[in-house]
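**Student:** Build me a structure from this.
(2 chains)
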Amino acid sequence: MSTIDIIASACLILGAFMSLLAGIAVLRFPDTMSRIHAATKPQVLGIMLLMLGVGLRLGSPAVIGTLVLIVILQFLTAPVSAHLTVRVAYRNAQDDDPTQTTDQRAAADDGPDQMAQALAEETVAGGATENSGAPADDER
Amino acid sequence: MWTVVVAGVMFGLGALFAAVRLVRGPTQIDRAVALDVMLAIVVGVIVLTAAVSGSSITLVIAVVVSLLGFLGSASLAKLLPRDRQ
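**Tutor:** Residues are numbered from 1 along each chain as shown, chains lettered A, B, ... in the order given. The predicted structure is shown next:
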């Protein structure tokens, strides 16, 4: 067993260990945000280590091209999909908060004008009705 | 050869835990995240297969699966209804 084989095996096992860690974290972490935080680790670091291991073991130029393609694809898409998922989770957590009558943080995403409007609506309504139909909901 | 066994056991346990979260998950977003983790593990297993067999033909499947994972989670985030109380 040569040195390169040992390094490749170490990379493969570390990449698999990332997947194990993500599985444990997704099972054990208390809320959705921290689960998403842990779930993005094997998608970037784990895939990168696995590709490094396979590239060291096979080592032909065509294989390395495909591996680099997969890594670049993951680097581009993993943050985007995590961001989309987190945004939905964040807004749903906002809906669950019983102390807020207006979706203020989601309204703040749309800019200061909408936020001022939402605050004005809240003071007019006085919390008498469940005023969850903030302007941010309409765009969805 | 023991590399494959150790890595395979780790992949299997990770996928098992993610599947438990997939069944149990209180919100739909938790299930989407668990599915994302399972797809990353599938990509890892495909790549490990290529490393073991020494043939690079399965790597194309890994490209397709990683693209599918992005499409799946992005469209789930876009299309899931907001759960209201």
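**Student:** Residue ranges in chain B under the pLDDT threshold?
**Tutor:** Scanning chain B for pLDDT under 70 picks out B:82-85.
**Student:** Could you find the residue nearest the spatial middle of it?
**Tutor:** Note on chain B: the residue nearest the mean C-alpha position is B:Leu39, at 1.7 Å, using Cα atoms, centre = their mean.
**Student:** What is the neighbour count of the residue nearest to that one when sequence neighbours are not counted?
**Tutor:** Nearest non-adjacent residue to B:Leu39, counting by Cβ to Cβ, 6 or more residues apart in numbering or on different chains: B:Gly69, 3.9 Å away. C-beta coordinates here come from the backbone N, C-alpha and C atoms, glycine included. Around B:Gly69 there are 24 other residues, counting by other Cβ atoms under 10 Å in any protein chain shown.
**Student:** do you know how far B:Gly69 is from A:Gly65?
**Tutor:** 21 Å (Cβ to Cβ, to the nearest Å).
**Student:** Mind jotting down where the helices sit in chain A?
**Tutor:** Per DSSP state H, chain A carries helices over the ranges A:3-28, A:32-41, A:47-58, A:61-96, A:104-109, A:112-125.
**Student:** wait, chain B
**Tutor:** Going by DSSP H, chain B shows helices at B:2-24, B:28-53, B:59-79.
**Student:** ok, now which ones touch the one residue in chain A that gets nearest to chain B?
**Tutor:** When scored by Cβ to the nearest Cβ, chain A has A:Gly23 as its residue closest to chain B, at 3.1 Å. Residues in contact with A:Gly23 (Cβ atoms under 8 Å, 6 or more residues apart in numbering or on different chains) are B:Leu13, B:Gly14, B:Ala15, B:Leu16, B:Phe17, B:Ala18, B:Val37, B:Ile41.
**Student:** so what's the last one up against?
**Tutor:** For B:Ile41, the contact set (Cβ under 8 Å, 6+ apart) comprises A:Ser19, A:Gly23, A:Pro42, B:Phe11, B:Gly14, B:Ala15, B:Ala18.
**Student:** Can you select the buried ones from these in ChimeraX?
**Tutor:** Selection of the buried residues among those in ChimeraX, burial being defined by 16 or more other Cβ atoms under 10 Å in any protein chain shown:
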select /A:19,23,42 /B:11,14,15,18
